[in-house]
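Asker: Sequence and predicted structure are below.
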Amino acid sequence: MKKKLIMTAAIAFAVLAIPCGSGALSTVSVASGNNTVASGNNTVSTGSTAFENYCDNVGTEIAQAKDGETVKITRDKNINALPNSIMKDLFKKKTVSLELEYTFEGKEYKVTIPAGAAEDNDIPWYGPLYLQMRYGK
């Protein structure tokens, strides 16, 4: 109930805050899956997305893994790219590897980022083909 109230309030706020220059009605898009209401350049966030929560959980799993363990992201999670935050978590924990199974354009892939091989850079996303080229077998 609280989440619906927040969404309703956010939608009302977004609709009221839309600049309607020259009498034209601006478009409002509501994405309930990621809890975001957007209008032009205005975005109202109503909480974390499921994907953000999942990334936080993977980060915690990496941080809590014992030396030599492999954190696995299986195909059923429908993840085929890694955000920089997960790569940074791996970079910090040099004794843990990550195995990612995914499907991209109908082809199945499995990549393993070995312990100590994570990258420390500012790439926002590590896409499926980059991961395969860099870490695939």
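Answerer: Perfect, I can see it now. Residues are numbered from 1 along each chain as shown.

Asker: how about stretch 54-63: buried residues?
Answerer: Judged by neighbour count using 16 or more other C-beta atoms under 10 Å, the buried positions of stretch 54-63 are C55, V58, G59, E61, I62. Bear in mind the C-beta positions are built from the backbone N, C-alpha and C, glycine included.

Asker: Include secondary structure when you put these into CSV, please.
Answerer: Compiled in CSV, these are given as follows (DSSP: H, G, I helix; E, B strand; the rest coil):
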residue, secondary structure
C55, helix
V58, helix
G59, helix
E61, helix
I62, helix
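
Asker: tell me the secondary structure for A118?
Answerer: Per three-state DSSP, the local secondary structure of A118 is coil.

Asker: Also K110?
Answerer: strand.

Asker: how's this structure carved up into domains?
Answerer: Listed domain ranges for the chain are 2-45, 50-135 (source: automatic domain parsing).

Asker: Mind telling me which of those the model trusts least?
Answerer: The stretch with the lowest mean pLDDT among these is domain 2-45, at a mean of 39.

Asker: circling back: so can I have CSV of the buried residues of stretch 54-63 showing distance to I86?
Answerer: Converted to CSV, the buried residues of stretch 54-63 look like this (distance: C-beta to C-beta, whole Å):
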residue, distance to I86
C55, 6
V58, 6
G59, 6
E61, 10
I62, 7
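
Asker: now the strands: where do they sit in this protein?
Answerer: Applying DSSP state E to the chain gives strands spanning 29-31, 36-39, 42-45, 70-73, 82-83, 97-104, 107-113, 125-126.

Asker: Quick check: which helices or strands does the fourth one pack against?
Answerer: Where contact means 3 or more C-beta pairs under 8 Å, 6 or more residues apart in numbering; DSSP states H and E, strand 70-73 is packed against helix 50-64, strand 97-104.

Asker: Does anything pack onto the first one? Which helices or strands?
Answerer: Right, the one you point to is helix 50-64. Other elements packing on helix 50-64 under the criterion 3+ C-beta pairs under 8 Å, 6+ apart are strand 70-73, helix 84-92.

Asker: Nearest to E108 among the ones you listed would be which one?
Answerer: With C-beta to C-beta as the criterion, E108 lies closest to strand 70-73 of the helices and strands packed on helix 50-64, at 13.7 Å.
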